[in-house]
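Novice: Structure for this input, please:
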Amino acid sequence: MTTESKDYFVAGNRLSAPPLAPGLYVVATPIGNLRDITIRALETLAAADLILCEDTRTSSRLLDHYGITAKKQAFHEHNERGKADDIAARIGAGAAIALISDAGTPLLSDPGFPLIRTLAEQNLPIFPIPGASALLAALVIAGLPTDAFAFHGFLPPKAGARLNTLKKHVDSRETLVFYESPRRLADTLAAMAEAFGDRQAMVALELTKRFERSHRGTLAALAAEFADAETKGEAVIVVAGAAEPSAPAAADWQAALAEAMENQPLRAAVDAVATRFGLKRKEVYDAALALKHAG
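Specialist: You can find the predicted model right below:
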């Protein structure tokens, strides 16, 4: 492993990257605009003994732009399991290795998890170098709640499996975020409208690029908008979570409780009504006692 400083360029200025400690550096790269990269990411990539790239040709565009000449190696979903032990051995021997994906933050619908798990099991150092993420970029402009959200990546490509997967999330109350390819965007929006109903949503396209755009509306409206549209670039779909259930009318559940108590023991009647109406058991139990004493 070399310890000498390595260079990178910013706006034509040559800068030296300090040496790196041994370990794997998980480096976020731009999702479109090449300027969306941190100084720390550039230093890390310039100083790394090896850069693991999802596609070396795609990554070369970024690395060449900043004059980074570090050695590159292809690391993708088809070879990552076979390479994990060798990479771990190199890090154990003192290498500093960077992991990048084609765009954005590695491991988010991109390769890397088997390697991270292997290193974690061997207690080898792993360093996050945070930066761009299509997931977060879309979430913060969607106009939907961000206090709780769930990322589900790419949905299954086949229609039946896609709809079944969506139906599993019908009752989720957090904001939902998905990635989708332009070829399947229209079909996916139609499936979402079928599974989720007329919820608010946003489709973000070409994030940070020249033709960046976002479309907001109900799922039904978005499905209609993209039904015959020719779409380019991967999309991020952000969907509102399920609405909070409205509280049942007291008269309704108390009437059901009175009826249940005519045919069941008190505790069984309480359990049945609490479950049926989504109520706290104590509230129903107190009402049951009041009915019993009143009778």
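Novice: What backbone torsions are found at residue 236?
Specialist: With angles defined as degrees, to the nearest 10, residue 236 sits at phi -120, psi 130.
Novice: Isn't it up against residue 140?
Specialist: No: when contacts are counted by CB atoms under 8 Å, residue 236 is not listed as touching residue 140 (11.2 Å). No exception for glycine: its C-beta is placed from N, CA and C like everyone else's.
Novice: all strands of this protein, in order?
Specialist: 6-10, 13-17, 23-27, 50-53, 72-74, 96-100, 126-129, 149-154, 175-180, 200-205, 213-218, 235-239 (DSSP state E).
Novice: So which of those is nearest residue 60?
Specialist: Of all the strands of the chain, the one in closest proximity to residue 60, counting by CB to CB, is strand 72-74 (7.3 Å).
Novice: can you pull the buried residues of the closest one?
Specialist: Of the residues in strand 72-74, residue 72 count as buried by neighbour count, 16 or more other CB atoms under 10 Å.
Novice: Give me the average confidence score over it.
Specialist: Mean pLDDT, strand 72-74: 96.
Novice: now for it, which elements pack on it?
Specialist: strand 50-53, helix 56-65 (3 or more CB pairs under 8 Å, 6 or more residues apart in numbering; DSSP states H and E).
Novice: related to what we said a few turns ago, okay, the strands of the chain in TSV with distance to residue 85 next?
Specialist: Supplementary listing: these in TSV, determined by distance: least, CB to CB, whole Å:
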stretch	distance to residue 85
strand 6-10	27
strand 13-17	28
strand 23-27	13
strand 50-53	14
strand 72-74	15
strand 96-100	13
strand 126-129	16
strand 149-154	26
strand 175-180	30
strand 200-205	38
strand 213-218	43
strand 235-239	34
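Novice: Nearest to residue 90, out of those strands?
Specialist: Once these are compared by CB to CB, strand 96-100 is nearest, at 6.6 Å.
Novice: is it true that residue 204 touches residue 140?
Specialist: No: with contact defined as CB under 8 Å, residue 204 does not reach residue 140; the gap is 10.3 Å.
Novice: Counting neighbours, go ahead and name the busier of those two.
Specialist: residue 204 (23 against 11; other CB atoms under 10 Å).
Novice: Please, where are all the helices along the protein?
Specialist: Along the chain, counting by DSSP state H, helices occupy 39-47, 56-65, 80-92, 113-121, 134-141, 159-167, 185-196, 219-226, 250-263, 266-277, 281-294.
Novice: what's the angle from the third one to helix 113-121?
Specialist: Counting by axes from the mean of the first three to the mean of the last three CA atoms, to 10 degrees, helix 80-92 points 40 degrees away from the direction of helix 113-121.
Novice: Which other helices and strands does helix 80-92 contact?
Specialist: strand 23-27, strand 96-100, helix 113-121.
Novice: isn't residue 119 right up against residue 26?
Specialist: No: applying CB under 8 Å as the test, residue 119 and residue 26 come out as separate, 10.2 Å apart.
Novice: Quickly list what's touching both of those two.
Specialist: With contacts defined as CB atoms under 8 Å, 6 or more residues apart in numbering, the residues adjacent to both residue 119 and residue 26 are residue 126.
Novice: For this protein, which residues score under the pLDDT cut-off?
Specialist: 1-5, 295 (pLDDT under 70).
Novice: picking that back up, export the helices and strands packed on helix 80-92 to CSV and tack on distance to residue 159 and mean neighbour count?
Specialist: Converted to CSV, these look like this (distance: least, CB to CB, whole Å; neighbours: other CB atoms under 10 Å):
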stretch, distance to residue 159, mean neighbour count
strand 23-27, 35, 23
strand 96-100, 33, 26
helix 113-121, 27, 16
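Novice: Compare those and report which one is nearest to residue 212.
Specialist: Of the helices and strands packed on helix 80-92, nearest to residue 212 by CB to CB is strand 96-100, at 21.9 Å.
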